[in-house]
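[1] A predicted structure for the sequence below; I have some questions about it.
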Amino acid sequence: MGRLWGLSLTLGAALTLLVIPACSRSGVRVLETEKAPVHLRVLTQGLEKPWGMDMLPDGHIIVTEKPGRLRIVDQEGNLSEPLVGVPKVTDIGQGGLLDVTLDPDFQNNRLLWLAYSEPSPDGTNTTAVARAQLSPDGTTLEDATVIFRQLPRYRGQFHFGARIVFAGDGTMFITLGERFQDPWRQQAQDLRSHLGKVVRLHSDGTPPADNPWIGDDGALPELWSYGHRNVQGAAIHPETGKLWITEHGPQGGDELNIPKPGGNYGWPLVSHGVEYSGLPVGSGSQSEPGLEDPITTWTPAIAPGGIAFYTGDAFPNWQGNLLISGLKAQALLRLELDGESVTHQERLLEEEGSRIRDVAVDSDGVVYVLTDEQEGKILRLAPE
């Protein structure tokens, strides 16, 4: 999230012909934080249950609305009409049109990647990932092609995942939920199932030759790690190139992890939280031999959404921090790191009283925050 690939004046010029005014905008407010004052303003509002966003080369923001719409927002807060050509989604429970990510070579190929819950004629649904080309005028998705579907399909409305993030070598990580209910969630431990996994693919949908289970007849070759519950945050560390993820625990026990190839992250065998009934999860242990421990956990739950590493210049004292959107926390968390350890946390935007779904950072270091509401907003955090 929050990646930029140069300027694209063509797209910006086209959008001036199709934008519609945002519903309203508030003035700038100054928030005092531990490291620096932050100037906060509402960039736009009136988005219906927005879920994911990424930065376009000209500074505009492309954002998903869970019912199945994709829009572009300019720096004046104007919303485009919904883009044409978005794949059909099932807007049910936690499902819908979820993440959107620019291809690393977007400047040349104009490819977008979408993660969404895909319906099936038999009433089941699944998490799918499709690529499509954004038309030169920025109004249409062309040649949408599905390159991945989570299997098995399931008739449910919870725990779809799903984030898409590209590593430095061009491979793609996709995060997947375990679909919440027994006995399906037990498949988070089954290497023949996509449920509760992180998968790693080439952009054509094929598994890289160095994936951990290549050549193992008892495992799917696209799997990277397993034992996950519902991963809704993913980002590549700007220095190490490693994947970092956040995932929802049950009642408490939300986790920050750095998935190792072949690593088992324990769900539903162990957890730092408890079942919603109050009963223990699995063995009742927080850790067991052979299972990977999280970097940090949150109890009470923060319900983490999208994440982004801060590498901009607007807030120099945030350099290298990890920003985490919190739904239940109704806050943006700023984590200070020492290598792979969390040394300090600060909660921002709690006074807004909004569920925070996603966060992105532009090339100047300005931070954009997406609120998860029926009338969702994009908030802009800048030094002035």
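    That came through, no problem. Not measured: the values here are computed from a predicted model.
[2] state whether residue 108 is indeed within a helix.
    Yes. Under DSSP: H, G, I helix; E, B strand; the rest coil, residue 108 falls within a helix.
[3] tally of neighbours for it?
    If you count neighbours by other Cβ atoms under 10 Å, residue 108 ends up with 10. Backbone N, C-alpha and C define where each C-beta goes, glycine included.
[4] residues contacting it?
    Residues near residue 108 by Cβ atoms under 8 Å, 6 or more residues apart in numbering: none.
[5] distance of it from residue 134?
    12 Å (Cβ to Cβ, to the nearest Å).
[6] same check, this time on residue 71
    12 Å.
[7] helix or strand: which one has the residue nearest to residue 143 when sequence neighbours are not counted?
    Closest residue to residue 143 apart from its sequence neighbours, by Cβ to Cβ, 6 or more residues apart in numbering: residue 133 at 5.6 Å. Using DSSP states H and E, residue 133 maps to strand 125-134.
[8] for that strand, the averaged confidence score.
    Averaging pLDDT along strand 125-134 yields 98.
[9] packing partners for it?
    If you count contacts as 3 or more Cβ pairs under 8 Å, 6 or more residues apart in numbering; DSSP states H and E, strand 125-134 packs onto strand 111-119, strand 141-149.
[10] then it to PDB, C-alphas only?
    Below are the C-alpha coordinates for strand 125-134, written out as PDB (Å, rounded to 0.1, in the frame of the first residue of the first chain):
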ATOM      1  CA  ASN A 125     -18.400 -18.000  -2.400                       C
ATOM      2  CA  THR A 126     -14.700 -17.600  -2.300                       C
ATOM      3  CA  THR A 127     -11.900 -15.100  -2.300                       C
ATOM      4  CA  ALA A 128     -10.700 -14.400  -5.800                       C
ATOM      5  CA  VAL A 129      -7.900 -12.200  -7.200                       C
ATOM      6  CA  ALA A 130      -8.200 -10.600 -10.600                       C
ATOM      7  CA  ARG A 131      -6.100  -8.300 -12.700                       C
ATOM      8  CA  ALA A 132      -7.400  -5.700 -15.100                       C
ATOM      9  CA  GLN A 133      -6.100  -2.800 -17.100                       C
ATOM     10  CA  LEU A 134      -7.200   0.700 -16.300                       C
END
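[11] list the buried residues of that strand.
    By neighbour count on 16 or more other Cβ atoms under 10 Å, the buried set for strand 125-134 is 125-134.
[12] next: stretch 40-54.
    Across stretch 40-54, burial judged by 16+ other Cβ under 10 Å covers 40, 42-54.
[13] any idea what the nearest residue to residue 37 once chain neighbours are set aside is bridged to?
    The shortest distance from residue 37 to any non-neighbouring residue, by Cβ to Cβ, 6+ apart, is to residue 30 (5.4 Å). Bridge pairing for residue 30 (DSSP bridges) gives the partners residue 39.
[14] residue 30: neighbour count?
    Neighbours of residue 30 using other Cβ under 10 Å come to 9.
[15] tell me how far it lies from residue 128.
    Residue 30 is 43 Å from residue 128, where distance means Cβ to Cβ.
[16] what about stretch 326-335, start to end distance?
    12 Å (Cα to Cα, to the nearest Å).
[17] hmm, I was thinking of stretch 129-145
    First-to-last distance for stretch 129-145 - Cα to Cα - comes to 9 Å.
[18] to residue 170, which of the helices and strands packed on strand 125-134 lies closest?
    Judged by Cβ to Cβ, the one of these that comes nearest to residue 170 is strand 111-119, at 12.2 Å.
[19] now the closest one: mean pLDDT?
    The average pLDDT for strand 111-119 rounds to 98.
[20] which single one of the buried residues of strand 125-134 is nearest to residue 273?
    The nearest member of the buried residues of strand 125-134 to residue 273, counting by Cβ to Cβ, is residue 127 at 22.9 Å.
[21] which residues touch the closest one?
    By Cβ under 8 Å, 6+ apart, the contact set of residue 127 is 98, 115-118, 149-150, 160-162, 174, 176-177.
[22] and for residue 350?
    Contacts of residue 350 by Cβ under 8 Å, 6+ apart are 329-331.
[23] adding distance to residue 231, secondary structure and pLDDT, write these out as a markdown table.
    Shown next, in a markdown table, are the contacts of residue 350 (distance: Cβ to Cβ, whole Å; DSSP: H, G, I helix; E, B strand; the rest coil; pLDDT from 0 to 100):
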| residue | distance to residue 231 | secondary structure | pLDDT |
| --- | --- | --- | --- |
| 329 | 17 | coil | 98 |
| 330 | 21 | coil | 98 |
| 331 | 20 | strand | 98 |
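[24] list the buried residues of stretch 206-213.
    Neighbour-count burial for stretch 206-213 [16+ other Cβ under 10 Å]: 207-208, 211-213.
[25] average pLDDT across that stretch?
    Stretch 206-213 carries an average pLDDT of 98.
[26] I'd like the contacts of residue 350 as JSON lines, with neighbour count appended.
    As requested, the contacts of residue 350 are exported to JSON lines (neighbours: other Cβ atoms under 10 Å):
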{"residue": "329", "neighbour count": "22"}
{"residue": "330", "neighbour count": "19"}
{"residue": "331", "neighbour count": "23"}
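[27] between those residues, which is nearest residue 382?
    Using Cβ to Cβ, the contacts of residue 350 come closest to residue 382 at residue 331, 18.5 Å.
[28] tell me the spacing between the closest residue to that closest one other than its chain neighbours and residue 180.
    Closest residue to residue 331 apart from its sequence neighbours, by Cβ to Cβ, 6+ apart: residue 347 at 4.1 Å. Computed with Cβ to Cβ, the distance linking residue 347 and residue 180 is 27 Å.
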